[in-house]
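Peer 1: Below is the sequence, then the predicted model.
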Amino acid sequence: MKYIKSVTVVFFLLFGLACTKNFEKMNTSPLMVTKDVIKPSMLFTAVLKQSVFSTYENSIFKEYSNYYSNEASGVIFQNQDWTSPFSDYQGDLINIAEVVRLTADKPELVNQHAMGRIWKVWLFQQLTDAYGDLPYSEALLGVDEAINQPVYDKQEDIYKDMLKELKEAAAQLSDNSEQVSFGDADILFKGNVDNWKRFANSLRLRLAIRVRYANEDLAQQHVSEVINSPLIDDNTLNATLTTIDGTDISNRNPLYNDYVNSNAYPVWVGFTVTQELLKRNDPRLPVYADLPSVASAGYRGRPMTLQGDQKIKYGFDSTARLPVFFREAVHTIIVMNAAEVYFLRAEAALAGLSGENVEQTYRNGISESLEQYGISTNDANAYMASPAGSIATGTEEEKLENIIVQKYLAMYHQGTEAWAEFRRTGYPRIWTGADMGSTKGNIPRRLTYPSSEYARNNANVIAAVSRLNGGDEMMSHMWWDAKPGLPFLHPKQGQFPPEIY
């Protein structure tokens, strides 16, 4: 099916968008889409498409996780007015909330309603993981109930509600033949109930593990409830979205559009990626990176925040490049894969939150990733027989580092998740250059609230900021960012060049 373009429901407000007593009169047009004619399926397609595509763009999150390094980005650790992704998600959240409203209290649309709830959680997770506390309970209300200056809910409360929503929504999903399916309008799973249930459970597991350093009891509760439920446990069940090569360029792979617009200028592979692959003699290396034009330089990834003479070593002809495979017009974007879920299970077992086998779930995660990227049976078997294929020995922290690094590699180019996991666990250890910015060379822990929020919702923003230890700064830790001792430094931090393998 063809993806549809952006649809915005004009009569719903989010995060204190301005309104006046003449709003309806001033903003109503006979040409506008209104809720009496809007189709939930139309909104659902638009939200899925826009929000998934945005995760694959070369964003600041991909730079913070060092999946790639953009030599033209400037000082990426410099604070700025972070209106994005705050503003980017507003339209998607407005529209998904409308999907939830339009399908509520309609017995034949229970599945559509549940799917809308699940994706609403996915959207909010992206947003709260970037900023921390957010308008939540008083946001996304209908026009008759809209609150112009909504309170900022604590991130802990947001997470508790998101976990509840996923639990309830998964339970709502039904195989009843009388249910009206989204069908092709569901560009993730084609309305498949089993896929959505597995995605909801897997996302719930991700959120439960995300909070384990801040609230272990909450993590334990949800891990215990979901660990034996249907999960994404095979690559055939991955949550994915395949782009389209057609006349509407907005439906093409965002990295392909970047490729065309930049006259095929390379995307540099991050130093962390190549070093972790080289360290393990990993067969995914030639899949994830192309050799530079000067092949003798080897698979040399580009570190972030280089300055001055540091840039010379990682020049145009001597730095590994992202292969064309990831930049083709038609590309399958990964939303959540089986490898990630197995590594979540491995961490849960390691932390004593489940009774599963740490070694087996860890190995399953690696195997799923190797299969996903078409690694030959012989190479996969050799890798699994190598030290990289086992965490049977070592301290608990060393085992955790291996789990998170393998998850980092398996989630290649899912920058939002990789940045969150780096902040939560300290892994992988990422080397940073001399361009220190406002964070003294540290990878930011969060984004600061946009100036527009201070202008329109000042009192509630200030209340949220007062709960941050350190205030509205990029290095202030949000609620779930609670592991002691972070950040962990790279073994070569402060030395140049940083290559250690």
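Peer 2: Yep, it's here.
Peer 1: Find the residue closest to Phe343 in space, skipping its chain neighbours.
Peer 2: Nearest residue to Phe343 in three dimensions, chain neighbours excluded: Lys407, at 3.9 Å (C-beta to C-beta, 6 or more residues apart in numbering). Any C-beta I mention is one placed from the backbone N, CA and C, and that applies to glycine too.
Peer 1: SS state for that neighbour?
Peer 2: helix (DSSP: H, G, I helix; E, B strand; the rest coil).
Peer 1: which residues touch it?
Peer 2: Contacts for Lys407 (C-beta atoms under 8 Å, 6 or more residues apart in numbering) come out as 339-340, 343-344, 365, 421.
Peer 1: Going by distance to Asp81, which of the residues you listed wins?
Peer 2: Checking the contacts of Lys407 against Asp81 by C-beta to C-beta gives Glu421 as the nearest, at 26.3 Å.
Peer 1: is it true that that closest one touches Tyr427?
Peer 2: Yes: if you go by C-beta atoms under 8 Å, Glu421 and Tyr427 touch, sitting 7.4 Å apart.
Peer 1: more crowded one of the two?
Peer 2: For Glu421 versus Tyr427, the count of surrounding residues by other C-beta atoms under 10 Å is larger for Glu421: 26 against 22.
Peer 1: before we move on, which element is that one in?
Peer 2: Using DSSP states H and E, Glu421 sits in helix 415-425.
Peer 1: What is that helix packed up against?
Peer 2: Applying 3 or more C-beta pairs under 8 Å, 6 or more residues apart in numbering; DSSP states H and E, we find helix 415-425 packed against helix 60-64, helix 110-131, helix 396-410.
Peer 1: So what's the residue count around the nearest residue to Leu306 once chain neighbours are set aside?
Peer 2: In space, Leu306 comes closest to Gly433 once its chain neighbours are excluded; the distance is 4.2 Å by C-beta to C-beta, 6+ apart. Number of residues near Gly433 (other C-beta under 10 Å) recorded here: 20.
Peer 1: How about the contacts made by Gly433?
Peer 2: 303-307, 310, 441, 496 are the contacts of Gly433 under C-beta under 8 Å, 6+ apart.
Peer 1: before we move on, back to that, look up how far Ile227 lies from the residue nearest to Phe343.
Peer 2: According to C-beta to C-beta, to the nearest Å, Lys407 and Ile227 sit 17 Å apart.
Peer 1: Repeat that for Tyr259.
Peer 2: In terms of C-beta to C-beta, Tyr259 sits 41 Å off from Ile227.
Peer 1: returning to what we had before: what do Glu421 and Tyr427 both touch?
Peer 2: In terms of C-beta under 8 Å, 6+ apart, Glu421 and Tyr427 are both contacted by the residues 404, 408.
Peer 1: Keeping just the C-alphas, turn the helix holding Glu421 into PDB.
Peer 2: This file holds the C-alpha atoms of helix 415-425, laid out as PDB (Å, rounded to 0.1, in the frame of the first residue of the first chain):
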ATOM      1  CA  GLY A 415      20.200   5.700  17.900                       C
ATOM      2  CA  THR A 416      17.500   6.600  20.400                       C
ATOM      3  CA  GLU A 417      17.700   3.200  22.200                       C
ATOM      4  CA  ALA A 418      21.500   3.000  22.000                       C
ATOM      5  CA  TRP A 419      21.800   6.500  23.600                       C
ATOM      6  CA  ALA A 420      19.400   5.500  26.400                       C
ATOM      7  CA  GLU A 421      21.100   2.300  27.100                       C
ATOM      8  CA  PHE A 422      24.500   4.000  27.200                       C
ATOM      9  CA  ARG A 423      23.100   6.400  29.800                       C
ATOM     10  CA  ARG A 424      21.400   3.700  31.800                       C
ATOM     11  CA  THR A 425      24.300   1.200  31.900                       C
END
